[in-house]
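Visitor: Sequence first, then the predicted structure:
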Amino acid sequence: LHDAVSQNQLELYYQVQIDQHLGIRGAEVLLRWHHPERGMVSPLDFIPLAEESGLIIPIGRWVMATACRQLKKWEAINTRESWQLAVNVSARQFQQPSFVDEVRDIVTATAINPCHLKIELTESLVLDDIERTIHTMQQLKQLGIHFSMDDFGTGQSSLSNLKRLPLAQLKIDQSFVRDITTDPDDMAIIKAIISLSQSLRYDIIAEGVETDEQRQFLYEHGCSQYQGYLFSRPLPLEEFEALLTSDTLPLKLFPIAEAETKETC
Ligand code: C2E
Ligand code: CA
Ligand code: CA
C-alpha cells in the first residue's frame with residue numbers, strides 16, 4: 001500500500017448520479033487498488049489499513065487531485081459543465097490540520113469551480129469532534145465546496161447536531177434502500193429521512209438503487225436523486241465515458257434528460 005501511489009496502482013472508478021428526470025447530475029469517485037499479486041483489492045479492505053497507518057493522507061491527496069483534474073475536463077464540455085463530483089474523505093484525512101489548505105491548493109491548481117466538488121463525510125467522522133468538524137466544514141464551504149452526509153441513518157448523529165452542520169445533501173444508506181419495497185420499517189425510515197431532508201432544506205440522494213421498484217418508491221416519496229447498479233456500477237474512466245455515449249448499456253434504458261437545475265451553486 002505504501003508504494004501504491006508511486007507505482008500507479010490506484011485508480012478511480014466513477015459511478016453516475018441521476019436525478020428524478022433521469023438526467024445526469026454527476027458521479028461519485030470510488031477508489032480501486034490493483035495489487036500486483038492479489039489483483040483488485042476492495043477499498044473496504046484497504047481504507048481502514050490506510051487510515052491506521054496514516055497512508056490515507058497521501059492516498060486521499062491523490063484521490064482529491066485526480067478527481068479535480070477530471071472535473072476540470074468535464075467543466076469544459078457544455079453538457080457536463082454543471083456536474084458535481086463526489087469525493088469520499090475519511091476521518092484521519094479530514095482531521096489533519098492542513099486539510100483545508102491542501103484542498104484549497106488543489107482547487108487553485110486545477111482551477112475547478114469549487115461548487116462542483118462535493119465531499120462525502122460519515123456521521124462517525126462528524127461526531128468525533130463536532131466543533132472542530134463544523135469549523136473545518138465552514139472553511140471549505142466558504143471556498144464554495146459542498147458536503148454530503150454519507151451512509152445517512154446508520155450513525156448516531158442527533159438532530160440538534162445535524163442542523164448545525166453546513167451540509168448540502170443527505171445520502172440515504174443502501175441498507176435502507178435494499179428492502180424498501182418489502183420491509184415496512186425500511187419504508188418508514190426512508191420516508192422519515194426524506195421528510196427530514198426537506199425540513200432542513202438539504203438535497204437528498206439514495207445509494208444502492210438496484211431495481212426500478214426501488215427507484216419508483218423513492219421518487220414517489222420525494223427523493224430526487226439516485227445512485228446504484230440500476231443505472232450503472234462504478235466504472236473505470238474509459239468505460240464510464242463509453243457508458244455515456246453507448247446505445248447498449250443500461251443507461252440507455254432510460255431517457256437521459258438534461259438535469260433539472262443546470263447550475264448547482
Ligand atoms: P461508500 O462511500 O458508501 O460507497 C458506496 C459503495 O456501494 C461502493 O462500494 C459502491 O461500489 C457500492 N455500490 C454502489 N451502487 C451499489 C448498488 O446498487 N448495490 C450495492 N450492493 N452496492 C453498490 P466500494 O466502491 O467497494 O467502496 C466501499 C467504501 O470504501 C465506500 O463506501 C467508501 O466508504 C470507501 N471508499 C471508496 N473510495 C474511497 C476514497 O477515495 N476515499 C475514502 N476515504 N474512502 C473510499
Ligand atoms: Ca460515499
Ligand atoms: Ca455510502
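Guide: Structure's in. What do you need? Since this is a predicted model, take the numbers as computed values, not measurements. Ligands and ions are numbered 1, 2, ... in the order given.
Visitor: what about residue 3, how many neighbours?
Guide: Look at residue 3: counted by other C-beta atoms under 10 Å, it has 9 neighbours. Where you see a C-beta, it was placed from the backbone N, CA and C, and this is true even at glycine.
Visitor: List the residues that contact it.
Guide: Each residue near residue 3 by C-beta atoms under 8 Å, 6 or more residues apart in numbering is listed here: residue 9.
Visitor: Burial check on residue 100, number of neighbours?
Guide: The tally of other residues near residue 100 (other C-beta under 10 Å) stands at 19.
Visitor: Same check on residue 21?
Guide: 13.
Visitor: Check residue 115 too.
Guide: 17.
Visitor: any idea how far residue 145 is from it?
Guide: 7 Å (C-beta to C-beta, to the nearest Å).
Visitor: cool, residue 80 as well?
Guide: 19 Å.
Visitor: Equivalent analysis for residue 240, please.
Guide: Taken as C-beta to C-beta, the span from residue 240 to residue 145 is 23 Å.
Visitor: How about residue 75?
Guide: Separation of residue 75 from residue 145 (C-beta to C-beta): 15 Å.
Visitor: more neighbours, those two?
Guide: Between residue 75 and residue 145, counted using other C-beta under 10 Å, the more crowded position is residue 145 (23 against 17).
Visitor: List the residues that contact the more buried one.
Guide: Taking C-beta under 8 Å, 6+ apart as the criterion, residue 145 is in contact with 103, 107, 114-115, 117-119.
Visitor: Mind checking which of those are in helices?
Guide: Those of those mapping onto helices are 103, 107, per DSSP state H.
Visitor: most surrounded residue in the contacts of residue 145?
Guide: In terms of neighbours by other C-beta under 10 Å, the contacts of residue 145 top out with residue 117 at 27 neighbours.
Visitor: In the chain, which residue sits furthest out from the middle?
Guide: The C-alpha centroid of the chain is most remote from residue 37, which lies 29.3 Å away (C-alpha atoms, centre = their mean).
Visitor: Secondary structure element holding that one?
Guide: For residue 37, there is no host helix or strand (DSSP states H and E).
Visitor: Ramachandran coordinates for it?
Guide: phi -110, psi -40 (degrees, to the nearest 10).
Visitor: how much space between it and residue 2?
Guide: Counting by C-beta to C-beta, the separation of residue 37 from residue 2 is 15 Å.
Visitor: again, but for residue 46
Guide: Distance, residue 46 to residue 2, by C-beta to C-beta: 11 Å.
Visitor: Show me the shaky parts of the stretch 1-150 of the chain.
Guide: Within the stretch 1-150 of the chain, no stretch has pLDDT under 70.
Visitor: residue ranges for the strands of it, please.
Guide: Residue ranges of the strands in the stretch 1-150 of the chain, as given by DSSP state E, counting those that start in this stretch, are 10-19, 24-35, 39-41, 84-88, 117-122, 146-152.
Visitor: With distance to ligand 1 added, can I get those in a markdown table?
Guide: Below are these laid out as a markdown table (distance: least, C-beta to the nearest ligand atom, whole Å):
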| stretch | distance to ligand 1 |
| --- | --- |
| strand 10-19 | 6 |
| strand 24-35 | 4 |
| strand 39-41 | 10 |
| strand 84-88 | 4 |
| strand 117-122 | 6 |
| strand 146-152 | 5 |
